[in-house]
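1. structure, please.
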Amino acid sequence: MEDARDHLAEDSIGSAKPPRPPKPHDPERWKRQLLRVIAAATVAAAVLSGITAWETHQQRAMDKALYCEAYASSSGSEDATFEEQQKKLRDAIGC
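-> Here you go, the predicted model:
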């Protein structure tokens, strides 16, 4: 007795179905996919750059406040040279 499947060609995994032909190469689809990847990478880079800039700004503001506090004029100092240096530092920092 012959089975109806005996006449069908079997592919490498033993399926009775014939293998599908490969999809034709679509260069436009490839370009669209590449543009999506580039756009996503650009957005991710912009977001990370913005986060880094914000954190840097916050750190610099905190450092400035600390420096201004550290170089605040000390009343009662009799050393005029020291006071002048402190004033120059405060002016340079922008306090």
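2. now do Ala46 against Thr56, distance only.
-> 16 Å (Cβ to Cβ, to the nearest Å). For the C-beta atoms, the positions are set from N, CA and C on the backbone; glycine is no exception.
3. what about the helices in the chain?
-> Secondary structure of the chain by DSSP state H: the helices cover 27-70, 80-93.
4. who wins for proximity to Pro18 among those?
-> Nearest to Pro18 among these is helix 27-70; the distance by Cβ to Cβ comes to 25.3 Å.
5. which elements pack onto the closest one?
-> helix 80-93 (3 or more Cβ pairs under 8 Å, 6 or more residues apart in numbering; DSSP states H and E).
6. what is the helix it packs on packed up against?
-> helix 27-70.
7. okay, angle between the helix it packs on and helix 80-93 too, please.
-> 160 degrees (axes from the mean of the first three to the mean of the last three Cα atoms, to 10 degrees).
8. let me see the mean pLDDT of helix 27-70.
-> For helix 27-70, mean pLDDT is 94.
9. mind checking how far it is from the chain centre?
-> Centroid displacement of helix 27-70 relative to its chain, using Cα atoms, centre = their mean, to the nearest Å, is 6 Å.
10. rewinding a little: of the helices of the chain, which stretch is the most buried?
-> helix 80-93 (a mean of 12; mean count of other Cβ atoms under 10 Å).
11. avg pLDDT for that helix?
-> Throughout helix 80-93, pLDDT has a mean value of 82.
12. just the C-alphas of that helix, formatted as PDB.
-> Listed next in PDB are the C-alpha coordinates belonging to helix 80-93 (Å, rounded to 0.1, in the frame of the first residue of the first chain):
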ATOM      1  CA  ALA A  80      44.900  92.400  53.900                       C
ATOM      2  CA  THR A  81      46.600  90.200  51.300                       C
ATOM      3  CA  PHE A  82      44.500  87.200  52.400                       C
ATOM      4  CA  GLU A  83      41.400  89.300  52.200                       C
ATOM      5  CA  GLU A  84      42.300  90.600  48.700                       C
ATOM      6  CA  GLN A  85      42.900  87.000  47.500                       C
ATOM      7  CA  GLN A  86      39.600  85.900  48.900                       C
ATOM      8  CA  LYS A  87      37.800  88.800  47.200                       C
ATOM      9  CA  LYS A  88      39.500  87.900  43.900                       C
ATOM     10  CA  LEU A  89      38.500  84.300  44.300                       C
ATOM     11  CA  ARG A  90      34.900  85.300  45.000                       C
ATOM     12  CA  ASP A  91      34.800  87.600  41.900                       C
ATOM     13  CA  ALA A  92      36.300  84.800  39.700                       C
ATOM     14  CA  ILE A  93      33.700  82.300  40.900                       C
END
